[in-house]
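Visitor: please work out how this folds:
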Amino acid sequence: MTRRASLLLAALLALCSPGQGQATPADPLGSPMWANHAAWLLGKAPVRFDPAVIVTMPDVTENQHVFPVTVDARALPKVQRIVVLMDLNPLPVAIDYQPEGALAYVSLRIKLDQRTPVRALVLTADGIWHVAGRWVDAAGGGCSAPPVSRVKGDWAQHLGEMRGRLWPQADQTRLRVTVRHPMDTGYVDNIAAYNIESLRLRGAAGQALGTMTINGSVSEDPAFTLLLPPGLGGPVQVHMADSNGRTFDGTLAP
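Guide: Numbers count the residues shown, from 1 in each chain. Okay, here's the model as predicted:
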């Protein structure tokens, strides 16, 4: 996603957050960028730093190009959006996920360009943003080094190849989907920004299950694990689109 598109996304997020005129509470992580991000992402909506939002990730980054993050906000009622934010990344927003018919849960892999807070911002139907996260150490360069597929030179032959599956369980249906894509950030010399921009999930009857806006700070060959309601045996239709106008479609089943 280009910088212009990132700013448009930020403006849209702010517009979707009702202004309550309440001051944002002090950041428990002491990030130098939090006040700025809160202003352009959340506007004047009320904010709570909330342990009900569970963000699971490693303490130290072993590979800054592929850093796993899981957000579980199922303890909150009527979740509308889940945003994954890396305060000090050049592309700070990784995803903006609207669960719609899905459960309030997402797992993905991101790029980290330096030591930074990694957070989940969760909007509930009452207009409150619930925030959780922590500092993560990273060696740097996650956004400014070419992806492996660019180095190997095989990315074009596999672009858009999609794999995935459903795992129905008694209390939920687990969905995992991956797609081959270089997810170029635009911060590597002579390589323009090029990334998956959106993901949409639909059930067998066409019902909306989830919609996600995706940024170039998501790792190469994006992989997402989502949770759907129990009893959803599939199939689930997956539609993705990238910043060059290409679309990729797949069908997931148990």
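Visitor: where does the stretch 151-254 of the chain dip in pLDDT?
Guide: 151-153 (pLDDT under 70).
Visitor: would you map the strands across it?
Guide: 162-168, 173-179, 196-202, 208-214, 223-228, 236-242, 247-252 (DSSP state E, counting those that start in this stretch).
Visitor: and the ones you listed: which comes nearest Pro92?
Guide: Nearest of the strands of the stretch 151-254 of the chain to Pro92, taken as C-beta to C-beta: strand 208-214 at 13.5 Å. Any C-beta I mention is one placed from the backbone N, CA and C, and that applies to glycine too.
Visitor: for the closest one, which positions count as buried?
Guide: 209-214 (16 or more other C-beta atoms under 10 Å).
Visitor: out of these, flag the one nearest to Arg109.
Guide: After measuring these against Arg109 - C-beta to C-beta - the closest member comes out as Ile214, at 11.8 Å.
Visitor: beta-bridge partners for the closest one, please?
Guide: Ile95 (DSSP bridges).
Visitor: and the residue most central in space within the chain, what does it touch?
Guide: Central residue of the chain (C-alpha atoms, centre = their mean): Ile95, 2.6 Å from the mean position. Ile95 makes contacts with 82-84, 106, 108, 212-215, 218, as judged by C-beta atoms under 8 Å, 6 or more residues apart in numbering.
Visitor: next, format these as CSV and append distance to Met162.
Guide: Converted to CSV, the contacts of Ile95 look like this (distance: C-beta to C-beta, whole Å):
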residue, distance to Met162
Ile82, 22
Val83, 24
Val84, 21
Val106, 18
Leu108, 15
Met212, 15
Thr213, 18
Ile214, 14
Asn215, 19
Val218, 15
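Visitor: quick one: low-confidence residue ranges for the stretch 1-150 of the chain.
Guide: In the stretch 1-150 of the chain, residues with pLDDT under 70: 1-23, 140-150.
Visitor: go again with 80.
Guide: Applying pLDDT under 80 to the stretch 1-150 of the chain picks out residues 1-24, 139-150.
Visitor: quick one: the strands in it?
Guide: Using DSSP E, counting those that start in this stretch, strands in the stretch 1-150 of the chain cover 47-49, 54-56, 67-72, 79-86, 93-98, 105-110, 116-124, 129-136.
Visitor: now do Glu100 against Gly203, distance only.
Guide: For Glu100, the distance to Gly203 equals 10 Å [C-beta to C-beta, to the nearest Å].
Visitor: so for those two, which sits in the more crowded spot?
Guide: With neighbours defined as other C-beta atoms under 10 Å, Glu100 and Gly203 compare such that Gly203 has more, 17 against 14.
Visitor: from Gly233, how far off is the nearest residue to Leu159 once chain neighbours are set aside?
Guide: Excluding its sequence neighbours, the residue lying closest to Leu159 (C-beta to C-beta, 6 or more residues apart in numbering) is Arg180, at 6.0 Å. Distance of Arg180 to Gly233, given as C-beta to C-beta: 27 Å.
Visitor: name the residue in these two with the higher neighbour count.
Guide: More crowded of Arg180 and Gly233, by other C-beta under 10 Å: Arg180, with 19 against 12.
Visitor: so what's that one up against?
Guide: Per C-beta under 8 Å, 6+ apart, neighbours of Arg180: 149, 155, 158-162, 221.
Visitor: would JSON lines of these with neighbour count and distance to Trp40 be doable?
Guide: Output for those, formatted as JSON lines (neighbours: other C-beta atoms under 10 Å; distance: C-beta to C-beta, whole Å):
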{"residue": "Ser149", "neighbour count": "20", "distance to Trp40": "32"}
{"residue": "Trp155", "neighbour count": "20", "distance to Trp40": "33"}
{"residue": "His158", "neighbour count": "13", "distance to Trp40": "36"}
{"residue": "Leu159", "neighbour count": "17", "distance to Trp40": "32"}
{"residue": "Gly160", "neighbour count": "15", "distance to Trp40": "32"}
{"residue": "Glu161", "neighbour count": "13", "distance to Trp40": "36"}
{"residue": "Met162", "neighbour count": "16", "distance to Trp40": "33"}
{"residue": "Asp221", "neighbour count": "21", "distance to Trp40": "30"}
